[in-house]
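Engineer: this one's structure only:
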Ligand code: KIV
C-alpha cells in the first residue's frame, strides 16, 4: 500500500501555493501530529498544515529534548501521519544534524524523508541558507524556523525567549529576510516578542507562523499534546490548553480496571455466545457423555 496521500475528487489538498496565497487574506492554523489516529482527527478538524515535529522525541518518546530524534524515527512517524491525511499540508522536521553538516547532507536526508514517508515539505531550524537553497532548488519546499530553535537550546542557554534586545531582534529580522530570499515558503517564529514578530511579518512576503510570538503572525502552530493535555512535563506559557485528554484517559482506564476487578466488565454484550445445539454438544463432551472426545 502506498504511503502517499490520496484524495477523492471532492477533497482538495492544501498546496504550498495555497499557503503562500493566504498571506494578508486569512490566518493559517497549524498543529503537530505524530501518528495516524491523531492525523485523522486534526485533518477532520480542518487545520491547514500538520507538522510532524521533532517534538515527538519529548511528547511521544519520553526524551528530555529533541536532539536524539533520528531520521529513521521521523520517517516512521511521518508515514503514519501521511496515511491519515486528506486535506492538510504535511511538513516534517529535519532532525538535529541531518542538515547542519552542509547542503549535500541536507539534500540526501530531505530526499529520504520525502520519498520514504510521503511528506510534501520539510522544516529546518535556523538560517542555514545554502541548505535551504539546495532543497528548494531540488524541488523540496522548505519552511524556516527562527527565534527559539530547540535543537540549539544548549547554545541559546535553554528554552528562552529570543530577540528581546534590539540588536538580537535585528539579527532575527535579517534571518527572516534571508530565509525568504533563499526560497522558504513560510517561516515559523518561536518565542519572540510580539512587536518583533509583527515587524517580521510585515517585512516578509511569505506567511509567518507563530508559536509564542503574538497575534500578528500570519498563522499559529501548537504542539498537539500540549494543547489537549497529553503532555504535562513542561507547559510553556504560550500554550493554551483546549482539553484535558490526559485526565480523561486516566479516568477511563481507572474505571476499566475497577470494573475488571469488580467483575462488571465484560458483560455478555461484549462477548460471543454459542448456538444452543453446539453448546449442548460441548457440555456433553465436557462431562464425558458425548461420543467425541476432547
Ligand atoms: O517540533 C515541533 O513541534 C516544532 C514546533 C514547536 C514549531 O518545531
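Structural biologist: Done, it's in. Please read these numbers as outputs of a predicted model, since none were measured by experiment. Numbering: from 1, shown residues only.

Engineer: just for this structure, where's the confidence low?
Structural biologist: 1-11, 290-294 (pLDDT under 70).

Engineer: how about the strands of it, start to end?
Structural biologist: 28-32, 49-52, 89-93, 121-123, 142-147, 186-190, 208-211, 219-222 (DSSP state E).

Engineer: output those strands as a markdown table; include the columns distance to residue 177 and mean neighbour count.
Structural biologist: Quick note: C-beta positions are derived from backbone N, CA and C, even for glycine. As requested, the strands of the chain are exported to a markdown table (distance: least, CB to CB, whole Å; neighbours: other CB atoms under 10 Å):
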| stretch | distance to residue 177 | mean neighbour count |
| --- | --- | --- |
| strand 28-32 | 20 | 23 |
| strand 49-52 | 22 | 28 |
| strand 89-93 | 21 | 27 |
| strand 121-123 | 18 | 24 |
| strand 142-147 | 11 | 28 |
| strand 186-190 | 10 | 27 |
| strand 208-211 | 12 | 27 |
| strand 219-222 | 19 | 22 |
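
Engineer: ok, residue 168 touching residue 160?
Structural biologist: No. Taking CB atoms under 8 Å as the definition, residue 168 is not a contact partner of residue 160, at 11.0 Å.

Engineer: okay, these two: which has more neighbours?
Structural biologist: Higher neighbour count among residue 168 and residue 160: residue 168, with 13 against 10, using other CB atoms under 10 Å.

Engineer: ok, the closest residue to residue 212 other than its chain neighbours - how many residues close by?
Structural biologist: Among residues not flanking residue 212 along the chain, residue 238 sits closest, at 3.3 Å (CB to CB, 6 or more residues apart in numbering). Residue 238 sits with 16 neighbouring residues when counted by other CB under 10 Å.

Engineer: contacting residues for residue 238?
Structural biologist: Residue 238 makes contacts with 191, 211, 212, as judged by CB atoms under 8 Å, 6 or more residues apart in numbering.

Engineer: what's the spacing between it and residue 147?
Structural biologist: Residue 238 sits 11 Å away from residue 147, taking CB to CB, to the nearest Å as the criterion.

Engineer: what sits in contact with each of the two?
Structural biologist: Contacts common to residue 238 and residue 147, judged by CB under 8 Å, 6+ apart, are residue 191.

Engineer: contacting residues for the closest residue to the ligand within the chain?
Structural biologist: Shortest the chain-to-the ligand distance, computed as CB to the nearest ligand atom: residue-wise this is residue 53, at 2.2 Å. Residues counted as contacts of residue 53 (CB under 8 Å, 6+ apart) are 32, 34, 93, 123, 223.

Engineer: which ones, among those, also lie beside the ligand?
Structural biologist: Filtering these for proximity to the ligand by CB under 6 Å from any ligand atom leaves 32, 93, 223.

Engineer: save those as JSON lines, and put in distance to residue 99 too.
Structural biologist: Formatted as JSON lines, these follow (distance: CB to CB, whole Å):
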{"residue": "32", "distance to residue 99": "19"}
{"residue": "93", "distance to residue 99": "10"}
{"residue": "223", "distance to residue 99": "21"}
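
Engineer: of those, closest to residue 178?
Structural biologist: residue 93 (20.2 Å; CB to CB).

Engineer: okay, the closest residue in space to that closest one that isn't next to it in sequence and residue 122: tell me how far apart.
Structural biologist: Among residues not flanking residue 93 along the chain, residue 54 sits closest, at 4.2 Å (CB to CB, 6+ apart). Distance of residue 54 to residue 122, computed by CB to CB: 11 Å.

Engineer: list residues touching both of the two?
Structural biologist: In contact with both residue 54 and residue 122: residue 93, using CB under 8 Å, 6+ apart.

Engineer: and the most centrally placed residue in the chain, how far is that from residue 56?
Structural biologist: The centroid of the chain falls nearest to residue 32 when counting by CA atoms, centre = their mean (2.6 Å). Computed with CB to CB, the distance linking residue 32 and residue 56 is 8 Å.

Engineer: can you check residue 282 too?
Structural biologist: 49 Å.

Engineer: leaving out sequence neighbours, find the closest residue to residue 50.
Structural biologist: Nearest residue to residue 50, sequence neighbours excluded (CB to CB, 6+ apart): residue 88, at 4.6 Å.

Engineer: which residues of the stretch 51-200 of the chain lie near the ligand?
Structural biologist: Residues of the stretch 51-200 of the chain lying near the ligand (CB under 6 Å from any ligand atom): 51, 53, 54, 55, 93, 188, 190.
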